[in-house]
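Student: Here's my sequence, what's the structure:
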Amino acid sequence: MARHVPDHRAFAARAAPVTAVMQGLAAVVDRRSHAAARLSPAAAVVVLATMLAIVWAVVSVAGTRTALPHLFYLPIMLSAMMLGARGAVPTAVAAAILCGPLMPIDSATGAAQSVAGWSLRGAMFLCVGLVVSAALASRERRIGQEVTGAMSSVLFPTGSRAAEIALVPLVAGVLERREFHPVFQPIYSFNDGRLVAVEALTRFDTVPRRPPDAWFAAARCAGLRVELEVAAIESALEASGSLEGVPLSVNASPTTLIHPALRDLVQKHTDRPLTIELTEHDAVDDYAALLESIGDLRRLGVLLAVDDAGAGVSSVRHIVQLCPDVIKLDASLAQGVATNRTLMAMGQSILDFARRSGARLVVEGIEEMADLQAWAAMGADAVQGYVVGRPGPLPAAIPHPTLVRLANQRSRAGAPLPTVAMPRPARAHTEATR
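Tutor: Numbers count the residues shown, from 1 in each chain. You can find the predicted model right below:
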């Protein structure tokens, strides 16, 4: 026997008008709830008291024997929309009293209601108020979670988004109490193994323990990005006072580079050779303003470096637009050149570009001896990475023995050494740019 197969399309067609009506009602309720939520608590109390009085007057005409007592659900639900559970509970209790002992079961005869009857109705009023309040609160939490997720996907594209967005309200306190300190990672010359620069990196001394990138991203969301970056640079300058003759390299976003606070800070330390690394991977909208600020900093003797070069299209555009003094090649392109012919060819091309543009090339993130030897043979200017020094206290200004040995080997083999020292002193750079 053939089985009957329901026609889902016919059912959907019949249900379409009902669905449209329900959607329309939902939209109306949504608009009314938003309007009600904008009322002040005092105004909300006045509105609810007025509604309770009007409903009581209507219901008392016929008594509770009819369906009119259901009108009390209107102020109860409205109170949940405006004030949540703290408004729904008192409104439900008031409705239970008005529709209970104060109202007969039949206005014509004046017969009183039973205690059980009006108590049950009062309990239903209270339940409806609590259920509506809980449903609205759950909806608000869900919307908040969706907004938080959308914000974190933009501001924190990687990592633990919930943990990182939770840092935002903590940034102001961390900044006020200066709960961070600098550590320093050495940069050595391939030419002779000398310490030619030291990069200052920020570490945070507070809980929750999160990476520096997470704190700086949270500062951006909190509107304190410039303040935190300038404070970190100031802390690095203060902690590196014994670094005589060796340039200090600090990190700054384009927003901080064009801010007067950075220029004012640099003017207090014109006796210190300083390199500012542009750390932003996003596109820059106004290169003219950025170039003007960089020009002011260069006149104070500051060198410009583009950090993480090759990590994205924006970093390449930074190089073309800003003509940096130093190009710091991202670890994703610097690592593995010893075993990857494609990476080696790309690295050689970038090195050639740096030479032709008058910039020095620093290879970052070098962790393997094979990559160190490969970059030394290719003629890179300087190296930074765990293989030559981890972040920590200020390093001693002495040559790195491994790099000295590699330079001596190349010299004995007749291989050309890098012809440009890295980096130039700030004073010499100032004279050259005038």
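
Student: use CA for all of it now, contacts and neighbours both
Tutor: Noted.

Student: just the strands in this structure please.
Tutor: Per DSSP state E, the chain has strands spanning 180-189, 195-204, 248-252, 274-278, 302-309, 326-329, 360-363, 382-383. These are given in chain order.

Student: Quickly list what the nearest residue to Pro391 once chain neighbours are set aside is bridged to.
Tutor: Excluding the flanking residues, the one nearest Pro391 by CA to CA, 6 or more residues apart in numbering is Gln185, at 4.2 Å. In this entry, Gln185 is beta-bridged to Glu199, by DSSP bridges.

Student: Show me how far stretch 390-398 is from its chain's centre.
Tutor: 31 Å (CA atoms, centre = their mean, to the nearest Å).

Student: Mind putting the strands of the chain into a markdown table with distance to Arg405, mean neighbour count and mean pLDDT?
Tutor: Below are those laid out as a markdown table (distance: least, CA to CA, whole Å; neighbours: other CA atoms under 10 Å; pLDDT from 0 to 100):
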| stretch | distance to Arg405 | mean neighbour count | mean pLDDT |
| --- | --- | --- | --- |
| strand 180-189 | 12 | 23 | 98 |
| strand 195-204 | 15 | 22 | 97 |
| strand 248-252 | 25 | 24 | 97 |
| strand 274-278 | 28 | 24 | 96 |
| strand 302-309 | 28 | 26 | 94 |
| strand 326-329 | 23 | 24 | 96 |
| strand 360-363 | 19 | 27 | 97 |
| strand 382-383 | 15 | 30 | 98 |
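
Student: Just put those in a markdown table and tack on distance to His400.
Tutor: Shown next, in a markdown table, are those (distance: least, CA to CA, whole Å):
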| stretch | distance to His400 |
| --- | --- |
| strand 180-189 | 7 |
| strand 195-204 | 7 |
| strand 248-252 | 18 |
| strand 274-278 | 21 |
| strand 302-309 | 23 |
| strand 326-329 | 20 |
| strand 360-363 | 16 |
| strand 382-383 | 11 |
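
Student: Which stretch among those strands approaches Arg86 most closely?
Tutor: Proximity to Arg86, assessed across the strands of the chain by CA to CA, is greatest for strand 195-204 (41.4 Å).

Student: What angle do strand 180-189 and the closest one make with each other?
Tutor: Comparing the axes of strand 195-204 and strand 180-189 via axes from the mean of the first three to the mean of the last three CA atoms, to 10 degrees yields an angle of 160 degrees.

Student: what's the angle from strand 195-204 to strand 274-278?
Tutor: 60 degrees.

Student: Contacts made by strand 195-204 with the rest, please.
Tutor: 179-189, 210-212, 232, 236, 246-251, 391, 397-400, 422-423 (CA atoms under 8 Å, 6 or more residues apart in numbering).

Student: picking that back up, double-check the residue nearest to Pro391 against Val388; I have them as touching.
Tutor: No: counting by CA atoms under 8 Å, Gln185 does not reach Val388; the two are 9.2 Å apart.

Student: how close does Ile105 get to Leu394?
Tutor: 88 Å (CA to CA, to the nearest Å).

Student: Same drill for those two, tell me which one is more crowded.
Tutor: Using other CA atoms under 10 Å, the more surrounded residue of Ile105 and Leu394 is Ile105, with 22 against 19.

Student: any idea of the pLDDT on Ala432?
Tutor: Model confidence at Ala432, given as pLDDT, is 34.

Student: try Pro399
Tutor: 95.

Student: how about the nearest residue to it once chain neighbours are set aside, phi and psi?
Tutor: Distances taken as CA to CA, 6+ apart place Arg194 nearest to Pro399, at 4.2 Å, with adjacent residues excluded. Dihedral angles of Arg194 (phi, psi; degrees, to the nearest 10) stand at phi -70, psi 150.

Student: residues contacting Arg194?
Tutor: Applying CA under 8 Å, 6+ apart, the residues contacting Arg194 are Tyr188, Ala397, Ile398, Pro399, His400.

Student: Out of those, which is nearest to Gly122?
Tutor: Closest to Gly122, out of all of the contacts of Arg194 and judged by CA to CA, is Tyr188, at 80.3 Å.

Student: correct me, but the closest one touches Gly385?
Tutor: No: between Tyr188 and Gly385 there is no contact under CA under 8 Å: 9.7 Å.

Student: Helices of the stretch 201-350 of the chain, residue ranges please.
Tutor: 212-222, 225-239, 254-257, 260-267, 287-299, 313-322, 331-334, 341-357 (DSSP state H, counting those that start in this stretch).

Student: I'd like to know which elements the third one is packed against.
Tutor: Judged by 3 or more CA pairs under 8 Å, 6 or more residues apart in numbering; DSSP states H and E, the packing partners of helix 254-257 are helix 225-239, helix 287-299.

Student: any idea of the mean pLDDT for it?
Tutor: The predicted model gives helix 254-257 an average pLDDT of 94.

Student: what's the answer for the last one, then?
Tutor: Here the mean pLDDT over helix 341-357 is 93, rounded to a whole number.

Student: I'd like the distance from that helix to the chain centre, please.
Tutor: That offset, for helix 341-357, works out to 34 Å (CA atoms, centre = their mean).

Student: Could you shift the numbering so residue one becomes 384, and keep it that way?
Tutor: That works, and once the first residue is 384, the last one we named lands at helix 724-740.

Student: Buried residues, it. List them.
Tutor: By 16 or more other CA atoms under 10 Å, the buried positions in helix 724-740 come out as Leu726, Met727, Gly730, Gln731, Ile733, Leu734, Asp735, Ala737, Arg738.
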